[in-house]
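J.: mind looking at a prediction? Sequence and model below.
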Amino acid sequence: MCIGIPMTVLRTRPGFALVRGRGEEREVDTALVGEVRSGDWLLVFIDAARERIDAARAAEVDAVLDMVAAAMAGAPVGDEPGFALPSAMSPEQLAALAGQPVPTSPPISLESPT
């Protein structure tokens with residue numbers, strides 16, 4: 001399993017960026033995200049940036065990673081992560097998030113059954 005880590009760009013050179021996140025610094029390949037600048041946030045898998053993210057999304061991913069680390073260490077995990085998890089969304093919200101058509105309910109008949 002591969003887990004994305006949110007990291008902020010410290011320095012760049014063509015095709016690569018020095019990034020920092022979750023207590024580590026490393027150089028990553030930026031070919032899949034294009035040109036980046038100092039201060040940009042990236043979601044990094046192994047040694048490659050796979051997605052540009054904003055600071056709010058980086059904080060969400062960090063919070064989830066903290067929850068996973070706590071659970072793996074046997075510590076109790078709080079009920080409220082501080083943001084809405086996709087599993088707490090309605091079917092309509094999930095469809096919108098995934099860029100899918102919003103599901104509709106069949107029309108209700110006002111006629112009495114015979």
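T.: All right, it came through fine.

J.: can you mark which positions in stretch 9-25 are buried?
T.: By neighbour count on 16 or more other CB atoms under 10 Å, the buried set for stretch 9-25 is 9, 12, 16-17, 19, 21. In short, each C-beta sits where N, CA and C put it, glycine included.

J.: before we move on, what about stretch 41-50?
T.: 41-44, 49-50.

J.: now do stretch 66-78
T.: By neighbour count on 16+ other CB under 10 Å, the buried set for stretch 66-78 is empty.

J.: for A49, see how far away D29 is.
T.: Separation of D29 from A49 (CB to CB, to the nearest Å) stands at 7 Å.

J.: any chance of the buried residues of stretch 9-25 in TSV with distance to V68 as columns?
T.: Below are these laid out as TSV (distance: CB to CB, whole Å):
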residue	distance to V68
V9	24
T12	30
F16	28
A17	25
V19	20
G21	15
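
J.: before we move on, the earlier item: out of the buried residues of stretch 41-50, who's nearest V33?
T.: A49 (4.7 Å; CB to CB).

J.: who's the closest spatial neighbour of that closest one, skipping the chain neighbours?
T.: Using CB to CB, 6 or more residues apart in numbering and skipping residues adjacent in sequence, the residue nearest A49 is L42, 4.0 Å away.
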